[in-house]
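Chemist: Here is my input, please return the structure:
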Amino acid sequence: MKAGYLSKTQLQGLKRELETLQQQLLKDLEAEQGDQKIELSLVDCSEVHDRGEEAVTVGQQFSHLSHINRLAEEVRECQHALQRIESGDYGWCDSCDDEIELNRLMANPVAVLCVSCQTREEFARHGQAASF
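Modeler: Numbers count the residues shown, from 1 in each chain. So this is what the prediction gives:
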């Protein structure tokens with residue numbers, strides 16, 4: 001547990017925001033999963049006689065599943081952030097252990113990297129060298 005640089009009020013506000021976001025994401029995820037079940041029961045590719053229609057149907061299903069997976073990942077990110085608040089690790093960069101800027105946390109409360117480390121990671125992912 002690290003000494004917090006965020007005030008108790010700031011942490012409480014960010015925690016409320018994370019809890020609200022998590023609740024909304026869970027509702028969205030539940031609705032999307034229900035929609036997916038309906039779509040899968042309505043669509044039978046064996047009845048589709050046109051390869052183009054079949055490709056469109058499969059593509060739509062894949063896109064929908066990708067959206068569901070992304071929502072589930074966002075729920076996990078919220079849960080992780082809430083756990084970090086409880087453990088006292090929230091607001092500290094996973095990479096360099098420096099403070100994550102308050103403005104960044106307010107804009108993206110699930111952030112685990114400071115701006116510098118996030119930028120470096122994105123440059124590395126895209127094969128570019130960061131000049132810091």
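
Chemist: Who's the closest spatial neighbour of the residue nearest the centre of the chain, skipping the chain neighbours?
Modeler: In the chain, the residue lying closest to the centroid (CA atoms, centre = their mean) is E74, at 2.8 Å. Nearest-residue entry for E74: L25, 5.2 Å, with adjacent residues in sequence omitted and distances by CB to CB, 6 or more residues apart in numbering. Just so you know, the C-beta spots here come from the backbone N, C-alpha and C atoms, and that holds for glycine as well.

Chemist: looking at this, the one you found is in a helix?
Modeler: Yes: with DSSP: H, G, I helix; E, B strand; the rest coil as the criterion, L25 is located in a helix.

Chemist: can you list the weak-confidence ranges in this protein?
Modeler: 1-3, 35-49, 128-132 (pLDDT under 70).

Chemist: residue ranges for the helices of it, please.
Modeler: Here the chain has its helices, by DSSP state H, at 8-42, 51-87, 102-107, 115-125.

Chemist: Tell me which of the ones you listed sits nearest to C96.
Modeler: Checking the helices of the chain against C96 by CB to CB gives helix 115-125 as the closest, at 5.5 Å.

Chemist: Give the buried residues for that closest one.
Modeler: 117-118, 120 (16 or more other CB atoms under 10 Å).

Chemist: Distance to Q83 for those - can I get that in TSV?
Modeler: Output for the buried residues of helix 115-125, formatted as TSV (distance: CB to CB, whole Å):
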residue	distance to Q83
C117	20
Q118	20
R120	25
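
Chemist: for these, which one is nearest L18?
Modeler: Once CB to CB is applied, the member of these that ends up nearest L18 is Q118, at 18.5 Å.

Chemist: quick one: the residue nearest to that closest one when sequence neighbours are not counted from H64, how far?
Modeler: Nearest in space to Q118, with sequence neighbours left out and distances taken as CB to CB, 6+ apart, is A111 at 7.4 Å. Note on A111: its distance to H64, by CB to CB, to the nearest Å, is 28 Å.
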